[in-house]
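In: compute the structure for the input listed below.
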Amino acid sequence: MAVPAAVPMQGLTPLDYMLAVLRNEEASASARMEAAKNAAPYVHTRLASAELKGAGLERVTDALSALIERVQAEGGGVGGLLKR
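Out: Residues are numbered from 1 along each chain as shown. A predicted model of the protein is given here:
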């Protein structure tokens, strides 16, 4: 039986398994730490990634607002921007 087919049948995902090891007080500290490190990316978003996504969206929003203002100042049509 292939591993991908076995996972849904057992109802246990790799993340479920890692969290079970992490919560198992009888497991060694090193095994629990390894499970925590491997599970963390699935549970917690990287702060830097979240901040960059927000900052990128803010820059796009600002640029779009500036473009809209420019279009409105030059007569309200996109054609005026294309002639430049």
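In: how's the protein carved up into domains?
Out: The chain is divided into the following domains under automatic domain parsing: 3-43, 47-82.
In: compare these and say which comes out lowest on pLDDT.
Out: Among the domains of the chain, domain 47-82 carries the lowest mean pLDDT, at a mean of 68.
In: could I get the full set of helices for this structure?
Out: With DSSP state H as the criterion, the chain has helices at 3-10, 14-23, 29-43, 47-73, 79-82.
In: which secondary structure elements does the third one contact?
Out: In other words, helix 29-43. helix 14-23 (3 or more Cβ pairs under 8 Å, 6 or more residues apart in numbering; DSSP states H and E). For every residue, glycine as well, the C-beta is placed using N, CA and C.
In: just the buried residues of the helix it packs on, please?
Out: 18-19, 21-22 (16 or more other Cβ atoms under 10 Å).
In: farthest-separated two in those residues?
Out: Maximum pairwise distance among the buried residues of helix 14-23 (Cβ to Cβ): 7.4 Å, between 19 and 21.
In: list the residues that contact both of those two?
Out: Here residue 19 and residue 21 have residue 35 as joint contacts, going by Cβ atoms under 8 Å, 6 or more residues apart in numbering.
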